[in-house]
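>>> sequence below, structure please.
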Amino acid sequence: MIEIKMPRLSDTMEEGAIATWHKHPGDRVEIGDVLVEIETDKATMDYEAYEAGTLSSILVDEGATVSIGTPIATLDNGKDTPATAPVITVPAAPAAPAASAPAPVVAPAPVVTAAPAPRTPVVRAPEPVHSGSDGVFASPLVRRLARDHDLDLSSIQGSGPGGRIIRADLNGLLAEPPAPAAARVATRPVISSGPIVDEKRASQEITVSKARRVIARRLSESSHTIPHFFVTSVADAQILMEMRADLNEQAASKGLAKVSVNDLIIRACALALREHPDVNASYLGDDSSVMLVHNRINIGVAVASKHGLVVPVIVDADMKTVAELGVEAKSLAAQANGKGLSLDQMSGGTFTISNLGMFGVEEFTAIINPPEGAILAVGATTREPVVIGDEIVARYRMRLTLSADHRIIDGALAAQFLRTLTGLIEHPWRIVAAEA
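Residues are numbered from 1 along each chain as shown. Next up, the predicted model:
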């Protein structure tokens, strides 16, 4: 019998949340089988079995969060099987970590917090916290699907342990077409299963995902511990837009993918970082006697996926053409929306680009993504009146704001970097003509 413990799946991971169990007590497990999906601080990852056997018990329920090293299941590999083993179920709720039971429970206890008598192969007591304010006993996954599809769980008979509603119980309902918009008007204010906490504002609690909580914590740490300063430049993007139109016309005639403004910005940033390597750097902390200057240019591209903000990384961006960068950036964005990014695809960044231009945002500032030393905020490319000689003409312009860590990057260096970057944008053939 072996314990399966919450693994460390990233260098910044401190705890993990159980998203979905793919194996259940009594199931045969082979080496390489996906046991469970674990939500980390960066992504939801598949965790594979490293030994074969039979899954004996699940100790941490779906939706629960536990620290690294906490046992989450037991696997019977046919060796050293104990006669009796206590089973502890961690409920899926934002509560304090569950304490180990002092002894196996041999009979149903009258105390509400005690687990019922052990069953073969696992005890999964109906924890009150699963019921929610509506009294419905359902898994976190079921509740999330119910919110997404406007389902009424009170009329569903659960087939799980203790009458719990599980994913399989929703198969028939999820297969039905959604109700007409008019029929959903009455339930429109109900945006979560949480209780109404403010009657006047009709406010309800919405559970914040593990990924969103980690994003919030890391951005707060970055904002409070890194002395940010911001430098903004305006680039004339008229020639860049004309060149992009020509490139896309040629690409269409050859059946190739179109080039986006963002693809050109990524390439321009990579070339500017080549020229100013001290911007492609990290500081290890206020008490550190050294800074890290990175010899590889790995550019993170902020993606607002439907699962939250993620930053996939394009490795060696300066060694790739605009077309190659475009293909990779689109692939990473698609994987981000499908929760298909690996930890390797989201680590090792040395500089980040956040582009909100497609949303019509003209200018903004971004928070540095630690341990990087800078991040570039890209605004929309819009036509503006510009004075050229004695004439006022309409030209495309773009605003770029660099957020820099003032501990390792001073104002002059940031200004020089932006000057190089705007020069590349204003003379865009240098972006595509430069050797990779």
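>>> what about stretch 69-79, average pLDDT?
In this model, stretch 69-79 carries a mean pLDDT of 89.
>>> list the buried residues in that stretch.
Judged by neighbour count using 16 or more other C-beta atoms under 10 Å, the buried positions of stretch 69-79 are 70, 71, 72, 73, 74, 75, 76. All C-beta atoms are positioned from the backbone trio N, CA, C, and that covers glycine.
>>> do the same with stretch 243-261
For stretch 243-261, burial by neighbour count (16+ other C-beta under 10 Å) applies to 243, 244, 247, 259, 260, 261.
>>> how near is the first one to residue 406?
With the distance defined as C-beta to C-beta, to the nearest Å, residue 243 ends up 35 Å from residue 406.
>>> circling back to that earlier point, nearest to residue 280 among the buried residues of stretch 69-79?
Nearest to residue 280, judged by C-beta to C-beta, of the buried residues of stretch 69-79 is residue 70 at 37.9 Å.
>>> the closest one is in contact with residue 8, isn't it?
No - Residue 70 lies out of contact with residue 8 (C-beta atoms under 8 Å); the separation is 11.6 Å.
>>> what about the residue sitting nearest the centre point of the chain, distance to residue 285?
Among the residues of the chain, the one closest to the centroid is residue 310, at 4.3 Å (C-alpha atoms, centre = their mean). Distance check for residue 310 against residue 285: by C-beta to C-beta, it reads 25 Å.
>>> wait, residue 228 touches residue 370, no?
No - assessed by C-beta under 8 Å, residue 228 is found out of contact with residue 370, at 11.6 Å.
>>> reformat the buried residues of stretch 243-261 as TSV; add secondary structure.
TSV is the format used below for the buried residues of stretch 243-261 (DSSP: H, G, I helix; E, B strand; the rest coil):
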residue	secondary structure
243	helix
244	helix
247	helix
259	coil
260	coil
261	helix
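>>> what is the neighbour count of residue 47?
18 (other C-beta atoms under 10 Å).
>>> in which helix or strand would I find it?
Using DSSP states H and E, residue 47 sits in strand 44-48.
>>> give the next helix or strand downstream of that strand.
Helices and strands here follow DSSP H and E; after strand 44-48, the next one along the chain is strand 53-58.
>>> quick one: distance of that next one to the chain centre.
On the basis of C-alpha atoms, centre = their mean, to the nearest Å, the separation between the geometric centre of strand 53-58 and that of its chain is 30 Å.
>>> just checking: what are the partner strands of that strand?
strand 28-29 (antiparallel), strand 71-76 (antiparallel) (DSSP bridges).
>>> pLDDT on it, on average?
92.
>>> dump the strands paired with strand 53-58 into a markdown table; add distance to residue 374 as well.
Listed next are these as a markdown table, based on distance: least, C-beta to C-beta, whole Å:
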| stretch | distance to residue 374 |
| --- | --- |
| strand 28-29 | 46 |
| strand 71-76 | 39 |
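>>> closest to residue 299 out of these?
Using C-beta to C-beta and comparing the strands paired with strand 53-58, the one that lies nearest residue 299 is strand 71-76, at 35.6 Å.
>>> ok now that closest one, how far from the chain's centre?
Mean-position distance between strand 71-76 and its chain equals 27 Å (C-alpha atoms, centre = their mean).
>>> residues in contact with it: which ones?
For strand 71-76, contacts defined as C-beta atoms under 8 Å, 6 or more residues apart in numbering pick out 1-6, 18, 29, 35-36, 49, 51, 53-60, 66, 85, 87.
>>> list only buried entries from the residues you listed.
Applying 16+ other C-beta under 10 Å to the contacts of strand 71-76 flags 2, 4, 6, 18, 29, 35-36, 49, 53-60, 66, 87 as buried.
>>> okay, helices next: where are they in the stretch 101-250 of the chain?
Assigned by DSSP state H, counting those that start in this stretch, the helices in the stretch 101-250 of the chain fall at 128-131, 140-149, 171-175, 210-225, 238-254.
>>> dump those helices to CSV, plus mean pLDDT.
Formatted as CSV, the helices of the stretch 101-250 of the chain follow (pLDDT from 0 to 100):
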stretch, mean pLDDT
helix 128-131, 41
helix 140-149, 71
helix 171-175, 64
helix 210-225, 82
helix 238-254, 93
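>>> quick check: which of those is buried the most?
Using mean count of other C-beta atoms under 10 Å, the stretch among these with the largest mean neighbour count is helix 140-149, at a mean of 18.
>>> can you tell me the distance between the two ends of stretch 284-292?
8 Å (C-alpha to C-alpha, to the nearest Å).
>>> buried residues in that stretch?
By 16+ other C-beta under 10 Å, stretch 284-292 has no buried positions at all.
>>> also stretch 313-320?
With burial defined by 16+ other C-beta under 10 Å, the residues of stretch 313-320 counted as buried are 313, 314, 315, 317, 318, 320.
>>> the third one touches residue 298, doesn't it?
Yes - applying C-beta under 8 Å as the test, residue 315 and residue 298 come out as touching, 4.9 Å apart.
>>> quick check: neighbours shared by the two?
By C-beta under 8 Å, 6+ apart, residue 315 and residue 298 have these common neighbours: residue 348.
>>> how many other residues sit next to residue 20?
Using other C-beta under 10 Å, residue 20 has 17 neighbouring residues.
>>> so what are the sheet partners of the strand or helix carrying it and their directions?
Secondary structure assigned from DSSP H and E places residue 20 in strand 15-21. Using DSSP bridges, strand 15-21 pairs in its sheet with strand 34-39 (antiparallel), strand 65-67 (antiparallel).
>>> residue 414 is nearest to which of those?
Nearest to residue 414, of all the strands paired with strand 15-21, is strand 34-39, at 36.1 Å by C-beta to C-beta.
>>> quick one: contacts of the closest one?
Contacts for strand 34-39 (C-beta under 8 Å, 6+ apart): 4, 6-7, 9, 16-23, 29, 44-49, 55, 72-73, 209-211.
>>> could you redo the last one with a cut-off of 7 Å?
4, 9, 16-23, 29, 44-49, 210-211 (C-beta atoms under 7 Å, 6 or more residues apart in numbering).
>>> doesn't residue 341 fall inside a helix?
No - secondary structure assignment places residue 341 outside any helix; it is coil (three-state DSSP).
>>> ok, it to residue 255 distance?
Using C-beta to C-beta, we find residue 341 at a distance of 28 Å from residue 255.
>>> that older thread, which outside residues touch the strand holding residue 20?
Residues outside strand 15-21 that contact it (C-beta under 7 Å, 6+ apart): 6, 9, 36-40, 44, 58, 60-68, 72, 141, 210.
>>> thank you, goodbye.
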